[in-house]
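*Asks:* give me a model of this one.
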Amino acid sequence: MDPDVPLVVPEVNSHAIANHGGIIANPNCSTIQLVVVLAPLVELSQIEWLSVSTYQAVSGAGGGALAQLDRELAGDADGTSSIFAGNVLTEIGLPAEDGFCVEETKLMRETTKILEREFPVFPSCARVPVRTGHTESVTIKFTEPVSRKDAVTALSSAPGVRVFEKDLTPLSVKDRDYVGVSRLRNHPGEPGILQFWIAADNLRKGAALNAVQIAEQLL
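*Replies:* This next block holds a predicted model:
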């Protein structure tokens, strides 16, 4: 991650586009949907720490992985045990010496760079047998209390976000451009902790759409 190359999510840090030297980077898909939701929340209070667990669709691994999932669902695993179907892969890429896989390292580094704030990010990334749509479980510890009501109000008017009262799933955001957020709740013993779920179409906002939005900003 080159410090001189802007890492841009237009709803969050479109101002960074002006600093490009010929290259603008599209962030990782799981990072994009996370920061779209975090951006309005960091205006309410400073983040002390963030924990995020991702449940990432097979399409994030490419067309070959989707074809493999289809074969497995059809009962043809090429003589090997099922890898995607009926399974949860708790590693996305090989873990490095520190134990973190590449997806987790990206979440740690990209999130704070895009938000231009420093706080620890504790990520755990998994691949699940879903074709399209990444889901994330997020827990935030703020330095000051942030109520569920205030969080919902901030998110309801945020660009690129849709608040769901219930029934947020990968299927409910398929082919949609927004990031869905649902089940916002405060920890009963700690008003500075806010928890919620996020879901987005990883092939749209997590990839192609974000690049198009960057190009539109440039134009």
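
*Asks:* what's the neighbour count on the closest residue to Gly86 other than its chain neighbours?
*Replies:* Closest residue to Gly86 apart from its sequence neighbours, by Cβ to Cβ, 6 or more residues apart in numbering: Pro129 at 6.4 Å. For glycine as for every other residue, the C-beta is placed from the backbone atoms N, C-alpha and C. By other Cβ atoms under 10 Å, 17 other residues sit near Pro129.

*Asks:* sec struct for Pro129, please.
*Replies:* What DSSP: H, G, I helix; E, B strand; the rest coil gives for Pro129 is coil.

*Asks:* with the one 3 residues further on instead?
*Replies:* Using three-state DSSP, the secondary structure recorded for Thr132 is coil.

*Asks:* isn't it right up against Ala57?
*Replies:* Yes - with contact defined as Cβ atoms under 8 Å, Thr132 reaches Ala57; the gap is 5.1 Å.

*Asks:* who has more neighbours, those two?
*Replies:* Neighbours around Thr132 and Ala57, counted as other Cβ under 10 Å, are more numerous at Ala57. The numbers are 27 against 19.

*Asks:* can you pull the contacts of the closest residue to that one other than its chain neighbours?
*Replies:* In space, and not counting its chain neighbours, Ala57 is closest to Val130: 4.5 Å by Cβ to Cβ, 6+ apart. With contact set as Cβ atoms under 8 Å, 6 or more residues apart in numbering, Val130 has these partners: Tyr55, Ala57, Val58, Pro170.

*Asks:* of those residues, which is the most crowded?
*Replies:* Of all these, Ala57 has the most neighbours under the rule other Cβ under 10 Å, reaching 27 neighbours.

*Asks:* where does pLDDT dip in this protein?
*Replies:* 1, 78-82 (pLDDT under 70).
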